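Asker: Kindly return the folded structure for what I paste below:
(one chain, ligands or ions: 1)
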Amino acid sequence: MTATHEITTATATFDVHSPGTGEVVGTYPIQTQEEAVAAVDHAREAFGWWCELTYAQRAERLSKFAGLIVRRLEQLAALIHDETGKPYSDASLEAALAIEHLVWAGKNARKVLGRKSSRVGLLSINNAASVEHKPLGVIGVIGPWNYPVFTPLGSIVYALAAGNAVVFKPSEFTPGVGRWLVDMFAQIVPERPVLQLLTGDGSTGAALCRAGVDKIAFTGSTATAKKVMAVCAESLTPLVAECGGKDVLIVDADADLDAAAEAGVWAGMANAGQSCIGTERVYVHERVYDAFLDKLVARAGELRAGVDTEAKIGPITMPKQVEVIRHHIEDALARGGRALVGGAEIQGQVVQPTVLVDVPEDAPAITEETFGPTLTVAKVRDMDEAVTRANATRYGLSAAVFSKSRGRELADRLRTGMVSVNAVFNFPSIASLPFGGVGDSGFGRIHGPDGLREFTYAHAVARQRFAPLMALTTFARTAETDQKVAKMLTLLHGRK
Ligand code: NDP
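Answerer: Numbers count the residues shown, from 1 in each chain. So this is what the prediction gives:
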């Protein structure tokens with residue numbers, strides 16, 4: 001067994017290139033079906049040991065893992081930068097935001113999952129009932145590249161805290177970050193391969209789905225989620241799917257326009273727009289549309305994307321995504337849209353911040369995930385129209401509302417898994433809140449109590465404490481007993 005508990009017999013390899021410079025920053029094996037099965041077998045043995053630890057013992061190890069990440073944050077940020085092109089400062093922020101989850105999941109697992117007694121009804125009064133959430137076993141985690149620490153850890157640490165072992169297949173764009181996380185965890189938990197790494201491409205991800213895991217936690221695009229779900233269906237392997245979005249920012253007439261513009265620029269352009277919860281569409285009340293747009297354009301115009309250390313926005317990580325972004329911008333312009341900032345002139349993988357207006361609602365820039373530093377801005381009559389347009393999408397991940405008087409009310413009308421009010425990106429770092437979407441944005445939840453339960457099954461026990469006053473579950477049941485039951489039910493429920 002190696003220090004990192006990796007399976008290393010694969011022969012085929014792949015290179016990882018820096019999106020900024022194009023240079024090779026790492027070479028990793030493309031691991032096969034056989035290796036995925038071996039990893040899951042090792043994980044199952046490790047699970048037997050890990051799940052026998054107490055919640056407190058697991059929490060202590062997760063907390064130490066958090067400490068190690070904090071102490072080596074700079075090293076991790078450099079790796080994230082090399083593989084994704086993300087500026088160092090944003091890379092550190094991403095890793096820092098994950099820390100709270102490690103500690104929260106460990107600390108709260110017992111409270112959320114531990115055995116609890118359940119109330120019994122009058123007919124079952126002779127029983128004591130309880131429910132406990134038990135770990136599923138081995139969880140396969142398939143992660144994306146855009147937040148290669150925060151996103152997979154959102155599944156990994158909740159699965160671990162619940163008592164599962166994990167086999168992690170990071171994106172082929174960020175295997176170095178994945179390896180680093182697994183190596184660091186192995187330093188804290190050297191006894192068994194509780195967290196293992198599998199590297200490779202989509203075929204390795206599919207191999208993991210077929211390797212006998214008890215659940216797959218997938219984060220990535222909706223299109224890939226459908227493929228993963230089809231493979232999982234072969235073996236009835238359950239799946240939590242965290243997919244893409246087409247998130248909105250809604251700006252009401254009474255909103256703080258400076259704050260809304262600042263938030264819009266950040267949520268749309270940070271990480272070069274490659275955030276699942278990134279804002280892509282903005283709907284603004286007609287009374288403040290011009291004023292808001294001026295502020296947004298001024299801020300976006302000050303930003304610059306590049307590969308140098310001064311640039312606040314890095315390059316697009318995946319070369320093929322550049323074509324999607326270009327198509328969305330060109331199509332919007334061809335349909336009468338205007339670029340008030342940026343446009344379709346893209347240099348290599350560097351896309352400049354782009355603000356589009358007058359884009360028809362059926363254009364791909366409005367209906368499909370762009371995943372670039374672009375925003376479409378549209379004027380609405382009132383907030384009813386804003387809500388209707390916001391909800392007119394097959395996605396439903398998150399949204400942001402800026403309104404002084406009606407923020408909460410508007411938030412309640414949005415069909416998304418998460419909503420920020422008078423802020424953006426605030427919910428992912430609140431560890432007690434569930435994270436996930438509806439519709440094409442996926443199903444299931446990571447983070448919070450739901451995120452812990454996601455990696456468990458409910459185990460219900462009803463213990464008979466004394467013989468029942470009326471014997472119901474017997475063929476010797478009499479007509480008199482049936483009459484008594486009927487009377488009791490009438491008394492309890494029949495008059496409602
Ligand atoms: P992809 O769907 O391309 O890939 C996601 C993961 O799935 C990668 O590890 C990929 O491996 C793997 N994969 C690809 N094909 C298969 C297959 N057939 N079977 C199993 N696994 C497979 O997404 P991206 O990596 O491009 O990530 C961007 C997407 O992720 C965006 O849509 C974004 O919105 C979404 N996302 C959602 C989040 C959420 O929490 N809701 C958070 C972050 C991102 P490989 O890379 O090696 O091909």
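Asker: Can you mark which positions in the longest helix along the chain are buried?
Answerer: Secondary structure of the chain per DSSP state H: the longest helix is helix 88-113. Under the neighbour-count criterion of 16 or more other CB atoms under 10 Å, helix 88-113 has 90-110, 112-113 buried. C-beta: built from backbone N, CA, C; applies to glycine.
Asker: do stretch 450-459 as well
Answerer: Buried residues in stretch 450-459, counting neighbours by 16+ other CB under 10 Å, are found at 450-456.
Asker: Among the residues you listed, which one lies nearest to the ligand?
Answerer: Of all the buried residues of stretch 450-459, Gly451 has the smallest distance to the ligand: 11.2 Å, by CB to the nearest ligand atom.
Asker: Assign that closest one to helix, strand or coil.
Answerer: helix (DSSP: H, G, I helix; E, B strand; the rest coil).
Asker: Check whether it really touches Leu153, as I assumed.
Answerer: No - the criterion here is CB atoms under 8 Å, and Gly451 misses it with Leu153 at 11.2 Å.
Asker: on that earlier part again, any bit of the longest helix of the chain sitting next to the ligand?
Answerer: No - contact between helix 88-113 and the ligand is absent, the nearest approach being 11.1 Å (criterion: CB under 6 Å from any ligand atom).
Asker: Can you give me the pLDDT of Met1?
Answerer: According to the per-residue confidence, Met1 scores 32 in pLDDT.
Asker: gap between Gln347 and Gly306?
Answerer: 9 Å (CB to CB, to the nearest Å).
Asker: Looking at the two, which is more packed in?
Answerer: In this comparison of Gln347 against Gly306, neighbours counted by other CB atoms under 10 Å, the higher total goes to Gly306 at 16 against 12.
Asker: Switch the buried residues of stretch 450-459 over to JSON lines; also include distance to Leu122 and pLDDT.
Answerer: Written out in JSON lines, the entries for those read as follows (distance: CB to CB, whole Å; pLDDT from 0 to 100):
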{"residue": "Asp450", "distance to Leu122": "32", "pLDDT": "98"}
{"residue": "Gly451", "distance to Leu122": "36", "pLDDT": "98"}
{"residue": "Leu452", "distance to Leu122": "33", "pLDDT": "98"}
{"residue": "Arg453", "distance to Leu122": "29", "pLDDT": "98"}
{"residue": "Glu454", "distance to Leu122": "34", "pLDDT": "98"}
{"residue": "Phe455", "distance to Leu122": "35", "pLDDT": "98"}
{"residue": "Thr456", "distance to Leu122": "30", "pLDDT": "98"}
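Asker: Keep those residues, but drop any that are not near the ligand.
Answerer: Filtering these for proximity to the ligand (criterion: CB under 6 Å from any ligand atom) leaves nothing.
Asker: and which of those residues is nearest Lys487?
Answerer: Of all those, Lys487 sits closest to Arg453, with 39.2 Å by CB to CB.
Asker: what's the helix or strand of the chain with the lowest mean pLDDT packed up against?
Answerer: Of all helical and strand segments in the chain, the minimum by mean pLDDT, DSSP states H and E falls on helix 479-489, at a mean of 93. Counting contacts by 3 or more CB pairs under 8 Å, 6 or more residues apart in numbering; DSSP states H and E, there are no secondary-structure elements packed against helix 479-489.
Asker: quick one: contacts of it?
Answerer: With CB atoms under 8 Å, 6 or more residues apart in numbering as the contact definition, helix 479-489 has outside contacts at 122-123, 470-472.
Asker: Now flag whichever of those is closest to the ligand.
Answerer: Ranking the contacts of helix 479-489 by separation from the ligand, with CB to the nearest ligand atom as the measure, puts Leu123 on top at 43.7 Å.
Asker: how about the residues of the chain near the ligand?
Answerer: Applying the criterion CB under 6 Å from any ligand atom, the portion of the chain that neighbours the ligand consists of 142-147, 151, 169, 171-173, 201-202, 205-206, 209, 219-221, 224, 227-228, 242-245, 276, 318, 369, 371, 397, 437, 442.
Asker: Please, a ChimeraX command that selects the buried ones among the residues you listed?
Answerer: Here is the ChimeraX selection string for the buried members of these, based on 16+ other CB under 10 Å:
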select :142,143,144,145,146,147,151,169,171,172,173,205,206,209,219,220,221,224,227,228,242,243,244,245,276,318,369,371,397,437,442
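Asker: which stretches of the stretch 1-150 of the chain have low pLDDT?
Answerer: Scanning the stretch 1-150 of the chain for pLDDT under 70 picks out the ranges 1-10.
Asker: rerun that using 50 as the cut-off
Answerer: Where the stretch 1-150 of the chain drops to pLDDT under 50, the residues are 1-7, 10.
Asker: isn't Asp382 right up against Tyr283?
Answerer: No - Asp382 is not in contact with Tyr283 according to CB under 8 Å; the separation is 10.4 Å.
Asker: okay, these two: which has more neighbours?
Answerer: Under the neighbour definition other CB under 10 Å, Asp382 and Tyr283 were set side by side, and Tyr283 has more, 22 against 12.
Asker: Run a quick neighbour tally on the nearest residue to the more buried one once chain neighbours are set aside.
Answerer: Distances taken as CB to CB, 6 or more residues apart in numbering place Ala386 nearest to Tyr283, at 4.1 Å, with adjacent residues excluded. Other residues within reach of Ala386 by the criterion other CB under 10 Å amount to 27.
Asker: and Ala386, that's in a helix?
Answerer: Yes - when three-state DSSP is applied, Ala386 is found to be in a helix.
Asker: Quick check: the gap between it and the ligand.
Answerer: 23 Å (CB to the nearest ligand atom, to the nearest Å).
Asker: so that residue sits right up against Val380, yeah?
Answerer: Yes - Ala386 is within contact range of Val380, at 4.6 Å (criterion: CB under 8 Å).
Asker: which residues do those two both contact?
Answerer: When contacts are counted by CB under 8 Å, 6+ apart, Ala386 and Val380 have 283-285 as shared neighbours.
Asker: Among those residues, which one sits closest to the ligand?
Answerer: Nearest to the ligand among the shared contacts of Ala386 and Val380: Tyr283, at 20.3 Å, using CB to the nearest ligand atom.
Asker: My read is that the closest one contacts Asp384, right?
Answerer: No - counting by CB under 8 Å, no contact exists between Tyr283 and Asp384, whose distance comes to 11.0 Å.
Asker: thinking again about what came up before, which of the buried residues of stretch 450-459 sits closest to Ile313?
Answerer: Within the set of those, Gly451 lies nearest Ile313; the separation is 30.1 Å, counting by CB to CB.
Asker: Apart from its neighbours in sequence, what residue is nearest the closest one?
Answerer: The shortest distance from Gly451 to any residue other than its chain neighbours is 4.3 Å, reached at Tyr158 (CB to CB, 6+ apart).
Asker: Give the full set of residues in contact with Val419.
Answerer: Taking CB under 8 Å, 6+ apart as the contact definition, Val419 lies against 398-401, 411, 427.
Asker: Which PyMOL command selects the buried ones in these?
Answerer: In PyMOL syntax, the buried subset of the contacts of Val419 is picked out as below (16+ other CB under 10 Å):
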select buried, resi 398+399+400+401+411+427
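Asker: Check the contacts of Val419 against Asp254 and report the nearest one.
Answerer: Taking those together and measuring to Asp254 by CB to CB, the closest member is Val401, at 11.7 Å.
Asker: list the helices and strands the strand or helix carrying the closest one packs on?
Answerer: Secondary structure here is read from DSSP states H and E; on that basis Val401 sits in strand 398-402. Counting contacts by 3+ CB pairs under 8 Å, 6+ apart, strand 398-402 is packed against strand 247-251, helix 257-269, helix 407-412, strand 418-421.
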